[in-house]
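Engineer: attaching a predicted model along with its sequence, questions to come.
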Amino acid sequence: MRDDFEVSGNSGPGGVRPPGPSAVDVPVPVELADATRALFGDRQPLAAAYAELLAGDGVLRGLIGPRETPRLWDRHLLNCAAVAELIPAGRRVLDVGSGAGLPGLVLAIARPDLSVVLIEPLARRTAFLTEAVETLGLTNSVTVVRARAEEYAAASSSPADIVTARAVAPLDRLAGWCLPLAAVGGRLLALKGSSAADEVVEHRDAVRELGGGSPVVHRCGRGLIDPPTIVVEIVRERAAGRQPSRRPRTGRPRRR
Ligand SMILES: C[S@@+](CC[C@H](N)C(=O)[O-])C[C@H]1O[C@@H](n2cnc3c(N)ncnc32)[C@H](O)[C@@H]1O
């Protein structure tokens, strides 16, 4: 990768530091206790430390609206952690437009086997992400990069197994930014709302032009969270614009 992006992480030893003075206690709501245990396992204290950072510094620095604090667990942490069921062990994940770390940082918390790169263009957000990664002791598994996805794709030579994105752009634009970041055979997992199926219909052709296969809609976390997280999965089948070659036509040979 070119080294003119601001990059941090993947350097020091792990070990959770206690959240700083601007952390706010965010207890897990009783009705979410089982889901939280199922999705975070023994990493639940780390998830709680991240929730405290979001509710404290995240709100103070304008990365999360104050009205989100009471619903941090369901709308943000559990919503994102549920996507882990689509990611096999040991994969390299790029999270595009991470904002305050959603879903990339949550996936790194829930799944210590993953190596995660958080790609975010805004300095205020990457500053928060870098501090959160250090505070949570995740510098061994998480890297923060300040860049737009298109810039990173043009400069990076290490394609990802999985590219994630939540609330970043409509599916056609998102596929244009994210598919070039994935290896051929790799996958974009786009966290979408209830209009996911309509988006798929609207943008299917554009996605194909961009080298993606047929989008598949998944509902993650069923039986654990309500509503489940809706994820549109797109496999990168080939480089953009190169359509699969047609089978030769059979029948009478053409006259010369
Ligand atoms: C609405 S926020 C969503 C943040 C986070 N994913 C979440 O779900 O809370 C969209 C984010 O995408 C980032 N973004 C916009 N265009 C981008 C691009 N071309 N490449 C990477 N990130 C981008 C913005 O800076 C912003 O942080």
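Structural biologist: Good, I have the coordinates.

Engineer: look up which residues are beta-bridged to the residue in the stretch 151-256 of the chain positioned nearest to the ligand.
Structural biologist: Nearest residue of the stretch 151-256 of the chain to the ligand, counting by C-beta to the nearest ligand atom: Arg166, 3.6 Å away. To be clear about C-beta, it is placed using only N, CA and C from the backbone, and glycine gets the same treatment. Taking DSSP bridges, one obtains Leu191 as the residues bridged to Arg166.

Engineer: now swap in Arg236 and tell me
Structural biologist: Residues in beta-bridge contact with Arg236 (DSSP bridges): Gly212.

Engineer: need the pLDDT of it.
Structural biologist: You'll see Arg236 listed with a pLDDT of 97.

Engineer: same check, this time on Ala48
Structural biologist: Reported pLDDT for Ala48: 97.

Engineer: stretch 178-193 vs the ligand: in contact?
Structural biologist: No. Judged by C-beta under 6 Å from any ligand atom, stretch 178-193 and the ligand are separated, with a smallest distance of 7.2 Å.

Engineer: and the helices in the stretch 1-150 of the chain?
Structural biologist: 33-40, 44-53, 59-60, 79-81, 104-110, 123-135, 149-155 (DSSP state H, counting those that start in this stretch).

Engineer: what average pLDDT does stretch 239-255 get?
Structural biologist: Mean predicted confidence for stretch 239-255 is 58.

Engineer: coming back round to it: so which of the helices of the stretch 1-150 of the chain gets nearest Asp95?
Structural biologist: Shortest distance between Asp95 and those, using C-beta to C-beta, is found for helix 104-110: 2.7 Å.

Engineer: for the closest one, packing partners?
Structural biologist: Where contact means 3 or more C-beta pairs under 8 Å, 6 or more residues apart in numbering; DSSP states H and E, helix 104-110 is packed against helix 33-40, helix 44-53, helix 79-81, strand 92-96, strand 115-119, helix 123-135, strand 142-146.

Engineer: now the last one: how far from the chain's centre is it?
Structural biologist: Just to be clear, that refers to strand 142-146. When C-alpha coordinates are averaged (C-alpha atoms, centre = their mean, to the nearest Å), strand 142-146 and its chain have centres 13 Å apart.

Engineer: now check it, is it near the ligand?
Structural biologist: No. With C-beta under 6 Å from any ligand atom as the criterion, the ligand is not reached by strand 142-146; the gap is at least 9.6 Å.

Engineer: list the strands paired with that strand, with their directions.
Structural biologist: strand 6-9 (antiparallel), strand 115-119 (parallel).

Engineer: and the ones you listed, which one's lowest on average pLDDT?
Structural biologist: Across the strands paired with strand 142-146, strand 6-9 gives the lowest mean pLDDT, at a mean of 66.

Engineer: include distance to Ala206 when you put the helices and strands packed on helix 104-110 into a markdown table, please.
Structural biologist: As requested, the helices and strands packed on helix 104-110 are arranged in a markdown table below (distance: least, C-beta to C-beta, whole Å):
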| stretch | distance to Ala206 |
| --- | --- |
| helix 33-40 | 33 |
| helix 44-53 | 35 |
| helix 79-81 | 26 |
| strand 92-96 | 17 |
| strand 115-119 | 22 |
| helix 123-135 | 28 |
| strand 142-146 | 26 |
